[in-house]
Every structure is written in structure tokens, then in C-alpha cells.
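Colleague: turn this into a structure:
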Amino acid sequence: MASGFFVLLDDIAAIMDDVAVMSKIAAKKTAGILGDDLAVNAEKASGFASSRELPVLWAISKGSLLNKIIILPIAFLLSAFLPVAIIVILVLGGLFLAYEGAEKIYEFIFPHAHEESEGITDEELTEEQILAVEKTKIKSAIITDFILSVEIVIIALGTVIEEPLTQQIIVTSIIAVVATVGVYGIVALIVRMDEAGYKLIKYSKSDKSISNFIGNILVKALPLVIKGLTVIGTIALILVAGGIFVHYIPYFHHLAEEIKIPSIIKEFVVGLVLGFAVLLVVNLIKKIFKKKTV
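Modeller: Now for the predicted structure:
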């Protein structure tokens, strides 16, 4: 009886060890999406009145958690009864990520005017109007998070698709929780950087004090950090998409094996080429629909 108990413990330990290894692999695969998720959410959570930043971020975090509660069971059911659907969703998701990355690069090279969003300040809007604008922005952020969450879950699940269903559930759930807590925890720190900087400046005894110096760095660093995350996120999107195409589309898989260059370059080139191909198709469709509506 005792020996059976210890065998059970040994089996559990072995499973947990496998889960830890697979979780690390899944985390690496989803790192690109998490980088983009971080940049997107840092941008969406900033621009509010200082007293509203954390409540808004908390509302988006709860929405993100609900997204994953909805997505995870559907993903596990597909994995159990229609595993080929996971590969199809991965490739379709890869096309979406490649398109997003290519669109960001295109907009950087050929910038075009965007509609200016309303500022959220106590002086310009009433309390009711501020809350209404907040709800709109929160809803938009949660919808964006849903798309990114689908990709995070599917990519994480794709790394363990050959494993038993129990391990798939554990690994993917761990990544989903880490993604939510990690991303929004870091976003909270980022959006409060300038506030922390202003407080350090306020309580500085002189302009040459260390606290004043650090405070100024924090205030000036916030927009640079968000821009830096956007650049890193864009590169990561293309790399993740390229990795999906190279691993799951036989043509690109064989092509990548024949070309003797580092895999990261292969994946980036494939992701970039397909991203711009999708961007071209999307822009053509937009122009056609625009002509029909005129």
C-alpha cells in the first residue's frame, strides 16, 4: 500500500517535471504575442486621469481573464475532438499576426492621418462623460485582448498538441494565467512610471538631488518605453507568424530546410513576405468596398 502511494507520488512528480519543461517551451513560443500584448495594453491604459489609470486597468484585466475562461474550454474541446482545427487556427492566426506586423511597418514608412481621440481630462468632460469614454476604451481594449488571447492560447496549445489532454490543459492554463497576471502587472508599473516620477520630483529637496534626477528620467522614459515595446512587439509578431508558417505549412518547412541561413532570419522573412501579401489583399478589398459605397 505504501509502495503504491510512493509510485503515485513519483508519477505526479514526473508529470509536473514534464509540465514545467513544456511550460517553458510554450512561454518562449508565446513571448512574441505577449510583447505585443504588453505594448498594446500599455498604450490603451495610458491617457486617463491619474486617479483612473489603475481602476481602468483592473477592469481590462478582469475582461482579459474572462476572455481566457471562454477561450480555454473551446480550445481543449477542439484539441480533444478535432485536433486538426488547432493547426488551421494557428495558421490563420499567423496570417493575422503577420498582417498586423506588416501594417505597422507600412504605417511607419507611409504614415497617414488618424482620427484624433478625445482627451480624457476632468476640465473638458463631466464625470458621466468621462465614465462613458472610459467604458468605450475598456470595451475596445477587451476586444483586442480577446484576439491576442486566442493566439496566446492556441500557440501554447500547439506546442503540446501531441501530449496527453491532461498535460495540454495544465500547460495551456498556466500560460494563460501567467499571460494575464504578468502582462497587466507590468502594464500597471509602466503606466504609473510618470506618476512615480512626478512624486519623486515633488518631494526632492533640490534640482540636483538623486530623487529629482530619477523622477525626471521616469517621466521622460514612459513614452519611449511604450514606443520601444511597440517596435519589439512588431518584430516579435512577424517572427511568431513566420515560425508558425515554417513549422506548420509543408512548403515553407521544406524551403526553410534547403536554405542554409539562421532560422530566425528565415522565419522573419517568411512572416514579413506573407504579412505584406495579406496587407495587399486587405487593402484591395477595402478599396473595392469603398468604391461600392461611394
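Colleague: CA only for contacts and neighbour counts going forward, please
Modeller: OK.
Colleague: what's the burial count for K202?
Modeller: Neighbourhood size, K202 [other Cα atoms under 10 Å]: 13.
Colleague: contact partners for it?
Modeller: N212 (Cα atoms under 8 Å, 6 or more residues apart in numbering).
Colleague: could you do the one 5 residues further on as well?
Modeller: For D207, the set of contacting residues under the criterion of Cα under 8 Å, 6+ apart consists of F213.
Colleague: where does this structure have low pLDDT?
Modeller: Applying pLDDT under 70 to the chain picks out residues 1-50, 112-125, 293-294.
Colleague: which residue ranges of it form helices?
Modeller: Under the criterion DSSP state H, helices of the chain are mapped to 2-45, 53-81, 83-109, 127-159, 165-191, 193-202, 210-248, 250-258, 263-293.
Colleague: angle of the third one against helix 53-81?
Modeller: Following axes from the mean of the first three to the mean of the last three Cα atoms, to 10 degrees, one obtains 140 degrees for the angle between helix 83-109 and helix 53-81.
Colleague: what is helix 83-109 packed up against?
Modeller: helix 53-81, helix 127-159, helix 210-248, helix 263-293 (3 or more Cα pairs under 8 Å, 6 or more residues apart in numbering; DSSP states H and E).
Colleague: buried residues, the longest one. List them.
Modeller: In other words, helix 210-248. 211-213, 215-216, 218-219, 221-223, 225-226, 229-231, 233-246 (16 or more other Cα atoms under 10 Å).
Colleague: next: the shortest one.
Modeller: Of the residues in helix 53-81, those scored as buried under the neighbour-count criterion (16+ other Cα under 10 Å) are 53-54, 56-61, 63-65, 67-68, 71-72, 75-76, 79.
Colleague: and it, what does it pack against?
Modeller: Against helix 53-81 (3+ Cα pairs under 8 Å, 6+ apart) you get helix 2-45, helix 83-109, helix 127-159, helix 165-191.
Colleague: and the second one, by the same measure?
Modeller: Using 3+ Cα pairs under 8 Å, 6+ apart as the contact criterion, the neighbours of helix 127-159 among helices and strands are helix 2-45, helix 53-81, helix 83-109, helix 165-191.
Colleague: got the angle between the last one and helix 193-202?
Modeller: Calculated by the same axes, to 10 degrees, helix 165-191 forms an angle of 40 degrees with helix 193-202.
Colleague: roughly how far out does helix 165-191 sit from the chain middle?
Modeller: In this view, helix 165-191 has its centroid 11 Å away from the chain centroid, taken as Cα atoms, centre = their mean, to the nearest Å.
Colleague: would you mind getting the angle between that helix and helix 210-248?
Modeller: Per the same axes, to 10 degrees, the angle that helix 165-191 makes with helix 210-248 is 150 degrees.
Colleague: pull out the buried residues from helix 165-191.
Modeller: Those buried within helix 165-191 under the rule 16+ other Cα under 10 Å are 167-176, 179-180, 183-184, 187-188, 190-191.
Colleague: tilt between that helix and helix 127-159?
Modeller: 140 degrees.
Colleague: by contact count, what packs against helix 165-191?
Modeller: Checking 3+ Cα pairs under 8 Å, 6+ apart, helix 165-191 ends up next to helix 2-45, helix 53-81, helix 127-159, helix 210-248.
Colleague: picking up where we left off before, which one of the helices and strands packed on helix 83-109 lies nearest to I89?
Modeller: Nearest of the helices and strands packed on helix 83-109 to I89, taken as Cα to Cα: helix 127-159 at 7.4 Å.
Colleague: report how many residues lie close to E163.
Modeller: Other residues close to E163 by other Cα under 10 Å number 12.
Colleague: report the separation between it and I170.
Modeller: Separation of E163 from I170 (Cα to Cα, to the nearest Å): 11 Å.
Colleague: could I get the CA-only coordinates of stretch 241-255 as CSV?
Modeller: Output of stretch 241-255 as CSV, limited to C-alpha atoms (Å, rounded to 0.1, in the frame of the first residue of the first chain):
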residue,chain,number,x,y,z
ALA,A,241,3.9,34.3,-37.5
GLY,A,242,7.0,33.2,-39.6
GLY,A,243,7.7,30.4,-37.1
ILE,A,244,4.1,29.2,-37.4
PHE,A,245,4.3,29.1,-41.2
VAL,A,246,7.7,27.4,-41.3
HIS,A,247,6.6,24.7,-38.8
TYR,A,248,3.0,24.0,-40.0
ILE,A,249,3.0,24.7,-43.7
PRO,A,250,4.9,21.9,-45.5
TYR,A,251,6.0,24.1,-48.5
PHE,A,252,7.7,26.7,-46.2
HIS,A,253,9.0,23.9,-43.9
HIS,A,254,10.9,22.2,-46.8
LEU,A,255,12.0,25.5,-48.2
